[in-house]
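Enquirer: Sharing a sequence plus its predicted fold:
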2 protein chains.
Amino acid sequence: MQFTTEQRLDDGVLEREFTLGEIPGILWTPASASLSAPVPLILLGHPGGLHKMYPRLAGRARHSAAEGFATATLELPGSGDRPRWDGVEQARADVRRAMETGEPVGEEIIDALILPLVEKSVPEWQAALDALLSLPEIGGPVGYSGGVISIGVRLAVVEPRIAAAGLFAGSFVPRAMFEEARQVTIPLHVLLQWDDEGNDRQAALDLFDAFGSKEKSLHANMGGHTGVPQFAGDAAAQFFTRHLK
Amino acid sequence: MQFTTEQRLDDGVLEREFTLGEIPGILWTPASASLSAPVPLILLGHPGGLHKMYPRLAGRARHSAAEGFATATLELPGSGDRPRWDGVEQARADVRRAMETGEPVGEEIIDALILPLVEKSVPEWQAALDALLSLPEIGGPVGYSGGVISIGVRLAVVEPRIAAAGLFAGSFVPRAMFEEARQVTIPLHVLLQWDDEGNDRQAALDLFDAFGSKEKSLHANMGGHTGVPQFAGDAAAQFFTRHLK
């Protein structure tokens, strides 16, 4: 992992862009983080496109920093400045066409869009975790928050360093992930935007039901995909404080 | 309203039993409440039987007092020390029999159990509100929390002094209440115990969907009817703090 830029934000948060091999990422650490007082880490998921997502990611990072967490994110395969990835481009075009014509998005399209993304990105997040946890200012258990829910599910299953996950029920979920969900045992905090136009509410409820975790909470709020209310963000922060501190 | 007993609990909360006509009730006020600093009030719903419910009600009252709220509760018609009420007794027996034999509880039984209770108890809670709000140590907006959800729905529709409601999706809901739910416009915080053996989960989700409120949140957690986790209580307290203070 190579740091490429470094700046202090006005609230004292240190923002560093990095590359992990060819993959761009960003790390935010609270002003309080130091060699003698390492802070726990939350991985910030997103739908792909770091530049476009930067304002929302930085907002979540600063909110988390105020609670004493470092946060980090990584570009997804085929998104942002990373090389185009033809298979997924095709699936994205299929999704757009289905949504524009009002057709339901078929299972094959969802599988073609999501499964390769999960397969490719999860090992990348794990490699990032290796690098991030070797930094002296970061320590303790790790959380995963938001982004493509299937990536969160797979990480929760295969990555034992992730102790708690906040998931956002807002993307297409392949049927295979429902089986995988049963193997998740870590505490989960699931946000559902009740009237999310791009989300199948019943599928989100079924996925929540499938999770094997003994502690899992579903928080449903009104508003569309990007309308998560401030108080829901606060509740998610409290969830991570309960489980990572 | 006549106060019949008065005691200070060890955390300074003043607990007073009262009667409103023939109806017993309890009022808890935080140590901080005074003529010069009146506190907002939360009405504590329950399924009936003040003596049996006392430990849980007192726990909720002390939790609320720590957040600066007075709380009050009232015995339900036909419960506890109040006169038996034959129609509802019959419906209760029908429910028990259906549940013991594993039959679904029919709509007529639910209507016979809940609708008369709503009709009779809601005006009683409103009369209690008149009396409670005339006390100088109580002021500001009022919340309703828990208990028989249909009573909460009706109160939210007909009682303009109730500014926010925390509802517990855990009792039989007559079909007529779904229509009434559309008329609710105050902020709602709805708790659902995902694996509540005595609750129809789909009906709870449908009711949440029906509420007309622009701000409504559903918090689903694991565990049975009485297994609401501590952090869910904290989130409900934060909801009332946002809306009543």
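Expert: Yes, it's here. Numbers count the residues shown, from 1 in each chain, chains lettered A, B, ... in the order given.
Enquirer: now the closest residue to A:D196 other than its chain neighbours: how far from chain B?
Expert: Leaving aside its chain neighbours, A:D196 sits nearest to A:H225 (4.7 Å; criterion: Cβ to Cβ, 6 or more residues apart in numbering or on different chains). In short, each C-beta sits where N, CA and C put it, glycine included. To chain B, A:H225 is 17 Å away according to Cβ to the nearest Cβ, to the nearest Å.
Enquirer: Do a quick rundown of the helices in chain A.
Expert: A:50-66, A:86-100, A:107-133, A:149-158, A:175-181, A:201-210, A:230-244 (DSSP state H).
Enquirer: Check the closest residue to A:P77 other than its chain neighbours and give its pLDDT.
Expert: With sequence-adjacent residues excluded and distances taken as Cβ to Cβ, 6+ apart, A:P77 is closest to A:K120, at 4.6 Å. With respect to pLDDT, A:K120 scores 96.
Enquirer: do the same with A:T4
Expert: For A:T4, the predicted pLDDT is 97.
Enquirer: from memory it sits against A:I23, does it?
Expert: No. Counting by Cβ atoms under 8 Å, A:T4 sits too far from A:I23 to count as a contact (11.9 Å).
Enquirer: returning to that earlier point: any idea how many residues pack against the residue nearest to A:D196?
Expert: Residues within reach of A:H225, counting by other Cβ atoms under 10 Å in any protein chain shown, total 15.
Enquirer: So the residue nearest in space to the middle of chain A versus A:F240, what's the distance?
Expert: Centroid-nearest residue in chain A, with Cα atoms, centre = their mean: A:G45, separated by 2.0 Å. A:G45 sits 14 Å away from A:F240, taking Cβ to Cβ, to the nearest Å as the criterion.
Enquirer: hey, what's in contact with both of these two?
Expert: A:S145 (Cβ atoms under 8 Å, 6 or more residues apart in numbering or on different chains).
Enquirer: how distant is the lowest-mean-pLDDT helix or strand in chain A from the center of its chain?
Expert: Between all helices and strands in chain A, the lowest mean by mean pLDDT, DSSP states H and E belongs to helix A:86-100, at a mean of 86. Centroid displacement of helix A:86-100 relative to its chain, using Cα atoms, centre = their mean, to the nearest Å, is 22 Å.
Enquirer: Where is the longest strand in chain A?
Expert: Scanning chain A for the longest strand, with DSSP state E as the assignment, gives strand A:138-146.
Enquirer: So for that strand, what gets flagged as buried?
Expert: For strand A:138-146, the neighbour count (16 or more other Cβ atoms under 10 Å in any protein chain shown) marks A:138, A:141-146 as buried.
Enquirer: before we move on, what about stretch A:65-85?
Expert: By neighbour count on 16+ other Cβ under 10 Å, the buried set for stretch A:65-85 is A:65, A:67-79, A:82, A:85.
Enquirer: now swap in stretch A:224-231 and tell me
Expert: Neighbour-count burial for stretch A:224-231 flags A:228, A:231 (criterion: 16+ other Cβ under 10 Å).
Enquirer: Then stretch A:28-41?
Expert: Within stretch A:28-41, the residues that count as buried by 16+ other Cβ under 10 Å are A:28-30, A:33, A:38-41.
Enquirer: can you put those residues in a markdown table and add pLDDT and distance to A:P116?
Expert: Output for these, formatted as a markdown table (pLDDT from 0 to 100; distance: Cβ to Cβ, whole Å):
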| residue | pLDDT | distance to A:P116 |
| --- | --- | --- |
| A:W28 | 98 | 29 |
| A:T29 | 96 | 32 |
| A:P30 | 95 | 35 |
| A:A33 | 77 | 35 |
| A:P38 | 92 | 35 |
| A:V39 | 95 | 34 |
| A:P40 | 96 | 31 |
| A:L41 | 97 | 26 |
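Enquirer: In a markdown table: those residues, plus distance to chain B.
Expert: Putting those into a markdown table (distance: Cβ to the nearest Cβ, whole Å) gives the following:
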| residue | distance to chain B |
| --- | --- |
| A:W28 | 26 |
| A:T29 | 27 |
| A:P30 | 23 |
| A:A33 | 26 |
| A:P38 | 25 |
| A:V39 | 22 |
| A:P40 | 18 |
| A:L41 | 22 |
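Enquirer: TSV please, covering those residues and showing distance to A:F208.
Expert: Shown next, in TSV, are the buried residues of stretch A:28-41 (distance: Cβ to Cβ, whole Å):
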residue	distance to A:F208
A:W28	29
A:T29	32
A:P30	31
A:A33	33
A:P38	33
A:V39	30
A:P40	25
A:L41	25
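Enquirer: tell me the contacts of the residue nearest to the centre of chain A?
Expert: A:73, A:144-148, A:151-152, A:168.
Enquirer: Identify, from the residues you listed, the entry nearest to chain B.
Expert: Chain B lies nearest to A:F168 out of the contacts of A:G45, by Cβ to the nearest Cβ, at 15.1 Å.
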